[in-house]
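Colleague: 3D, please:
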Amino acid sequence: MKINGVFEGGGVKGIALAGGVSAALQRGYEFHEVAGTSSGSMVAAFLAAGYTGDEMRELILRTPFKSFLQRSPIFNAKIIGPAARLLIKKGLYSGEALEQWVSLHLLAKGIRTFGDLKPNQLRIIASDITQGKLLVLPDDIAQYGIDPRKLPVAKAVRMSTSIPYFFDPVMIRRNIKSSAAAEPFKQQFYYIVDGGLLSNYPLWVFDRETNTQRIPVVGFQLVGKSDYQNRKIRGPITMFEALFSTMLDAHDERYIEQQNRFRTVKIPTLGVQNTQFDLSKETSMDLFNSGLKAADQYFTKWTMETYEQDYEKYVLGRRS
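Modeller: Below is the predicted model:
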């Protein structure tokens, strides 16, 4: 049976989303179209490329996520190094290693750009902090003079996963039509960052369009407070990290309205932090299995008849 999937962001906690996908696939559900934010965009991209739950599990086991935290050795000097990089590059780490990793594994399935996928098969949420607006990629990239079909999927994932101040923002240079009116070089760019800043759980992507086929929408949401309640704030860098993590945790802990509860798989995240990139393989697999268990329990009770009734009541009823 076909379903549309929506995947919430949550940094490394997104490993649990892969477990949720695995449970759905094992039960015979086929993902028709998918959407995601931040780490949810990565899971959605791999799913659209044709990865199975078992293949995602193997990727998790083989990947040292700490390897994504790359920067030039010059910026490793205590206190001064990270602060200097943050000032110059706008992030503690480049984000290039993550993009290259995503690109490599998408290419293994023959996927490079959105043109290699079906129209609307994958939608990724990002935030343009220069203009203060939300982006739904690939379509909204046309606003910057870029052909949506030519946008690399890995680049869109990097945009959506660029946690502010943690990873560098993705910069898109503006089209300066008149050299006479050209602005200073540093002001000629749009800065694109993590989609979770504006929409961490984009169920609305499918609500805003007419679903003539009435394909069910199922969201996968990461829930549960971090065990690390008291974050040590020693300066501006740790403050920025705590600020963004708190914002995402607030997303995770917010009350799930009744209109969305019927179509949400709530996955416990076992106290893992969003930027806890030094996860052990054991903890990674605990997260994966948490998603597997939560989705399995959800789909055990799920029926199309009940979904249709709730959809009419909570979604269509909201529109009338």
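Colleague: now do the buried residues in stretch 102-115.
Modeller: Applying a neighbour-count criterion of 16 or more other Cβ atoms under 10 Å, the buried positions in stretch 102-115 are 102-103, 105-106, 111, 113-114. Where C-beta positions appear, they are placed from N, C-alpha and C, glycine not excepted.
Colleague: now the end-to-end length of that stretch.
Modeller: Here the two ends of stretch 102-115 are set 17 Å apart, with distance taken as Cα to Cα, to the nearest Å.
Colleague: for that stretch, give me every contacting residue.
Modeller: With Cβ atoms under 8 Å, 6 or more residues apart in numbering as the test, stretch 102-115 has contacts from 42, 45-46, 48-51, 59, 116-117, 122, 137-138, 148-154, 156-158.
Colleague: isn't I15 up against I60?
Modeller: Yes: because the distance of 5.6 Å satisfies Cβ atoms under 8 Å, I15 is recorded as touching I60.
Colleague: what's the overlap in contacts for these two?
Modeller: Residues touching both I15 and I60 by Cβ under 8 Å, 6+ apart: 284, 288.
Colleague: ok, the two, which is more surrounded?
Modeller: I15 (31 against 18; other Cβ atoms under 10 Å).
Colleague: now do the contacts for the closest residue to the more buried one other than its chain neighbours.
Modeller: With Cβ to Cβ, 6 or more residues apart in numbering as the measure, L287 is the residue that lies nearest to I15, at 4.2 Å, once sequence neighbours are left out. When contacts are counted by Cβ under 8 Å, 6+ apart, L287 is found next to 13, 15-16, 19, 269-270, 272, 279.
Colleague: go on, R123?
Modeller: R123 makes contact with 33-36, 44, 136-139, 202, 205, according to Cβ under 8 Å, 6+ apart.
Colleague: JSON lines please, covering those residues and showing neighbour count, pLDDT and distance to V217.
Modeller: Written out in JSON lines, the entries for these read as follows (neighbours: other Cβ atoms under 10 Å; pLDDT from 0 to 100; distance: Cβ to Cβ, whole Å):
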{"residue": "E33", "neighbour count": "23", "pLDDT": "96", "distance to V217": "9"}
{"residue": "V34", "neighbour count": "26", "pLDDT": "98", "distance to V217": "10"}
{"residue": "A35", "neighbour count": "29", "pLDDT": "97", "distance to V217": "9"}
{"residue": "G36", "neighbour count": "34", "pLDDT": "96", "distance to V217": "13"}
{"residue": "A44", "neighbour count": "30", "pLDDT": "97", "distance to V217": "13"}
{"residue": "V136", "neighbour count": "18", "pLDDT": "97", "distance to V217": "15"}
{"residue": "L137", "neighbour count": "26", "pLDDT": "98", "distance to V217": "19"}
{"residue": "P138", "neighbour count": "26", "pLDDT": "98", "distance to V217": "20"}
{"residue": "D139", "neighbour count": "14", "pLDDT": "97", "distance to V217": "19"}
{"residue": "P202", "neighbour count": "27", "pLDDT": "91", "distance to V217": "11"}
{"residue": "V205", "neighbour count": "21", "pLDDT": "92", "distance to V217": "9"}
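Colleague: now, these that are in strands?
Modeller: Secondary structure assignment by DSSP state E places 33-36, 136-137 of these in strands.
Colleague: out of those, who's nearest I163?
Modeller: Among these, G36 lies closest to I163 (Cβ to Cβ), at 14.9 Å.
Colleague: which pLDDT value does the model give D227?
Modeller: In this prediction, D227 carries a pLDDT score of 44.
Colleague: mind starting the numbering at 17 from now?
Modeller: Right, with 17 as the first residue, what we last looked at is D243.
Colleague: G161 contacts R189, correct?
Modeller: No: the pair G161 / R189 is not scored as a contact, 9.7 Å apart, by Cβ under 8 Å.
Colleague: so what's F183 closest to, chain neighbours aside?
Modeller: Closest residue to F183 in three dimensions, ignoring its sequence neighbours and counting by Cβ to Cβ, 6+ apart: G111, at 3.8 Å.
Colleague: and that neighbour, what does it touch?
Modeller: Listed by Cβ under 8 Å, 6+ apart, the contact set of G111 reads 84, 174, 177-178, 183-184, 186.
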